[in-house]
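Trainee: predicted structure and sequence below. I'll ask about it afterward.
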Amino acid sequence: MNCEPVNLIIAHDFIMRISYYPGCSLKGTARDYEESVRAACSLLDIELCELEDWNCCGATAAHSLSHRAGINLPGRNLVLAEKAGMDMVVPCPLCFNRLKTAEQELLGERKDQYDLSITGGMIKTWDLANYLSQETILHHMTSKRKEELKWLRPVCYYGCMASRPPRVTGESDYENPMSMDRILECLGAEVIQWSYKTDCCGASHLVARPDIVFELVGKLFREADRAGANCIVVSCQMCQANLDLHQDKIIKQIGADFYFPVFYFTELIGLALAHKDTGKWLKRHFVDPKRLIREQDEVLI
């Protein structure tokens, strides 16, 4: 795609203001992700307006115990977003999936079964990577880029929740999502295509069945290596944890010698646009990325 910068008219120093649903883990174990999300959007002149009094979406637990709770929990946040009157971005693919599921239910034939209602059509709920890969934002990103990340050869790993099932997410390219690919291309990276973009990493099975997660993630490492990548880029905190946290144990188990830093795509926006806190986020990773960072960037680490 053409990533050349274009002139944008920015009102009040922002391209736009948009509602923001962080979800629970970005306030805790994935706070490095949230810090990079907020920083990346600020660099791109996007004002995130965090939903007032938001609640947990229920994640993997609620809908497995109670279908009603699994809709009411994320549905309440949709009601709040409609009251705010702005489109909403969601960094966590699982939260995004639950919010879209609730939206479909609350606008469907069974809507009277639930304790709340939404109008529909008033706002759009966006996966953050899809939102930031819009053409106007990509052009603006390119105009603000301080450094081309030509030394990166990433494979983009989307996981299985942001784009599927398409009847819920509305994603047309659900087998071959391209949002992060487009973003990284505009940052100057040599993005590598592969066939494992949407394979499952095992998610929260890491707690009860680490053997399953190790097998699934080991396959991802083998295929990323086969594709010629030098890092993996994600938009999901669960995927990042599964690929980063036990990488040393997984490669030992499969008898390999891989080294794959696992970046959030927003961290790389921060790196290319020279945000001062990029090094702080990267230092929290278990797989230290400093071997991959060029010598002139080591101050960031």
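Mentor: Looks like it came in fine. Numbering: from 1, shown residues only.

Trainee: elements contacting the host helix or strand of residue 252?
Mentor: Assigned by DSSP states H and E, residue 252 belongs to helix 247-253. Contact here means 3 or more CB pairs under 8 Å, 6 or more residues apart in numbering; DSSP states H and E; on that basis helix 247-253 packs against helix 210-227. (C-beta placed from N, C-alpha, C; glycine too.)

Trainee: tell me the gap between the helix it packs on and the middle of its chain.
Mentor: Computed by CA atoms, centre = their mean, to the nearest Å, the separation of helix 210-227 from the middle of its chain amounts to 20 Å.

Trainee: got it, and stretch 84-92?
Mentor: 14 Å.

Trainee: rewinding a little: pull up the pairing partners for the following helix or strand past the helix holding residue 252, direction included.
Mentor: Stepping forward along the backbone from helix 247-253, the first helix or strand reached (DSSP H and E) is strand 262-264. When pairs are called by DSSP bridges, strand 262-264 turns out to pair with strand 231-234 (parallel).

Trainee: let me see the mean pLDDT of the partner strand.
Mentor: Averaged across strand 231-234, pLDDT comes to 98.

Trainee: CA atoms only: put that strand into PDB for me.
Mentor: Provided in PDB are the C-alpha atoms of strand 231-234 (Å, rounded to 0.1, in the frame of the first residue of the first chain):
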ATOM      1  CA  CYS A 231      10.300 -11.300  15.800                       C
ATOM      2  CA  ILE A 232       6.600 -11.800  16.300                       C
ATOM      3  CA  VAL A 233       4.200  -8.900  16.600                       C
ATOM      4  CA  VAL A 234       0.800  -9.200  18.500                       C
END
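
Trainee: how about residues contacting that strand?
Mentor: The contact list for strand 231-234, computed with CB atoms under 8 Å, 6 or more residues apart in numbering, reads 152-159, 180, 184, 220, 224, 240, 243, 260-265, 268, 289, 292.

Trainee: hang on, the earlier thing: what comes up buried for the helix holding residue 252?
Mentor: 247, 250-251 (16 or more other CB atoms under 10 Å).

Trainee: check stretch 141-156 too.
Mentor: Neighbour-count burial for stretch 141-156, counted by 16+ other CB under 10 Å, picks out 141-142, 145, 149, 152-156.

Trainee: can you check stretch 263-278 too?
Mentor: 263-273, 275, 278.

Trainee: okay, it in CSV with CA atoms only?
Mentor: The C-alpha trace of stretch 263-278 is given here as CSV (Å, rounded to 0.1, in the frame of the first residue of the first chain):
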residue,chain,number,x,y,z
PHE,A,263,6.3,-7.0,20.5
TYR,A,264,3.0,-5.3,20.9
PHE,A,265,2.3,-3.4,17.6
THR,A,266,1.8,-0.3,19.7
GLU,A,267,5.3,-0.6,21.1
LEU,A,268,6.7,-0.5,17.6
ILE,A,269,4.6,2.6,16.8
GLY,A,270,6.2,4.1,19.9
LEU,A,271,9.7,3.0,18.7
ALA,A,272,9.3,4.4,15.2
LEU,A,273,7.8,7.6,16.4
ALA,A,274,10.4,8.0,19.1
HIS,A,275,8.3,7.9,22.2
LYS,A,276,10.5,8.4,25.3
ASP,A,277,9.0,5.5,27.3
THR,A,278,9.4,2.8,24.6
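
Trainee: many thanks, I have nothing further to ask.
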